[in-house]
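Enquirer: Take a look and give me a structure for this.
(one chain, ligands or ions: 1)
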Amino acid sequence: MVELKNVNNKTNNKETVKIKTPSQLVGESSILVEKNSVFNTKNFNLWYGDHHALKDINLDIKENEVTAIIGPSGCGKSTYIKALNRMVELVPIVKTAGEINYRGRNILDTSYEVEELRTRVGMVFQKPNPFPKSIYDNIAYGPRIHGIKNKKILDEIVEKSLRGAAIWDEVKDRLNQNAFGLSGGQQQRICIARCLAIEPDVILMDEPTSALDPISTLKVEELVQELKDNYSIIIVTHNMQQAARISDKTAFFLNGEVVEFDQTDKIFSTPKDQRTEDYISGRFG
Ligand SMILES: Nc1ncnc2c1ncn2[C@@H]1O[C@H](COP(=O)(O)OP(=O)(O)OP(=O)(O)O)[C@@H](O)[C@H]1O
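Expert: Residues are numbered from 1 along each chain as shown. Model prediction:
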């Protein structure tokens, strides 16, 4: 077997994965490719006042993958992904310990600029939350904040982002209409487009389809699959079928701990921990 060294190595946290190659298809050999970590969480703990909400979290999340976070209500899923862009700091009683390394740098270091982090790590929420502005202005909002004023450049960003979020054809003729006039599923894709407009590296999604009908859910799921070619996606979901359908890896959280983290097919077919098996088979949660 041949091992490929990745020249764009950004961290030391490596994982070696087998990929199918033409030679493998004829049974000769396979090639090993290394994947970079985007977020490497080490012994991360979080308290809301006295409540110990996350306990010794160790998770190594790789780039260009969809990572699903599953677990029963109150187990700490949202808290964990809000820690990844430091949104959780908005709660004054929060205390943290341990490390969350983004591309090799600990974002919890006081020297880490939160604004810089949030331009790299975008977030999509449970309920679509477009601004009360036109579709165009929703998407151009972030780039304008970053100082882009040129109309032609903004036009290009708006089109590219809306195309990236698979909604361009539905809205291209009404870019100046208020985003509130769109359906819930369309609004959620506008929010994803708004996120893409700042050219993030990682997209955090906190139950992005829980407020959507089945057809809109399917569209967002298909979109997530397409986006992982260019972005790393971490998605919290209550819907285990959704995790099984769209994620490469799954982390099962319980009472603030990670019980199991593995390839999604292993979590759903041969979980190692009895608690994972009980949860995915619907015995609790
Ligand atoms: N702002 C807050 N202040 C105090 N405690 C909080 C706060 N936010 C969350 N918690 C507590 O932290 C724990 C984890 O909550 P979190 O919202 O992360 O869970 P979750 O797994 O995302 O739940 P759900 O699936 O219901 O959204 C819960 O016990 C919750 O009550």
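Enquirer: Run the chain-centre distance for stretch 184-201.
Expert: Counting by C-alpha atoms, centre = their mean, to the nearest Å, stretch 184-201 is centred 12 Å from the centre of its parent chain.
Enquirer: ok, now stretch 157-177?
Expert: The chain centroid and the centroid of stretch 157-177 are separated by 22 Å, computed with C-alpha atoms, centre = their mean.
Enquirer: quick one: buried residues of it?
Expert: By neighbour count, with 16 or more other C-beta atoms under 10 Å as the criterion, the buried positions of stretch 157-177 are 157-162, 164-168, 170-171, 175. C-beta here means a position set from N, CA and C on the backbone, and glycine is covered the same way.
Enquirer: Partner strands of the single longest strand found in the chain, with direction?
Expert: Looking only at the chain and at elements set by DSSP state E, the strand with the highest residue count is strand 31-48. Within its sheet, strand 31-48 is paired with strand 2-4 (parallel), strand 14-19 (antiparallel), strand 51-62 (antiparallel), strand 94-102 (antiparallel), according to DSSP bridges.
Enquirer: Show me what secondary structure element comes after the third one.
Expert: Spelled out, that is strand 51-62. Following strand 51-62 in sequence order, the next helix or strand is strand 66-70 (DSSP states H and E).
Enquirer: if we can go back for a sec, got the strands paired with strand 31-48 as TSV, with mean pLDDT and distance to residue 217 columns?
Expert: TSV is the format used below for these (pLDDT from 0 to 100; distance: least, C-beta to C-beta, whole Å):
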stretch	mean pLDDT	distance to residue 217
strand 2-4	36	37
strand 14-19	47	29
strand 51-62	98	23
strand 94-102	97	29
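Enquirer: Columns distance to the ligand on top of those strands, output as TSV?
Expert: Formatted as TSV, the strands paired with strand 31-48 follow (distance: least, C-beta to the nearest ligand atom, whole Å):
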stretch	distance to the ligand
strand 2-4	38
strand 14-19	26
strand 51-62	4
strand 94-102	8
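Enquirer: Rebuild the ones you listed as TSV, extending it with mean neighbour count and distance to residue 214.
Expert: Output for those, formatted as TSV (neighbours: other C-beta atoms under 10 Å; distance: least, C-beta to C-beta, whole Å):
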stretch	mean neighbour count	distance to residue 214
strand 2-4	10	41
strand 14-19	12	33
strand 51-62	18	28
strand 94-102	18	34
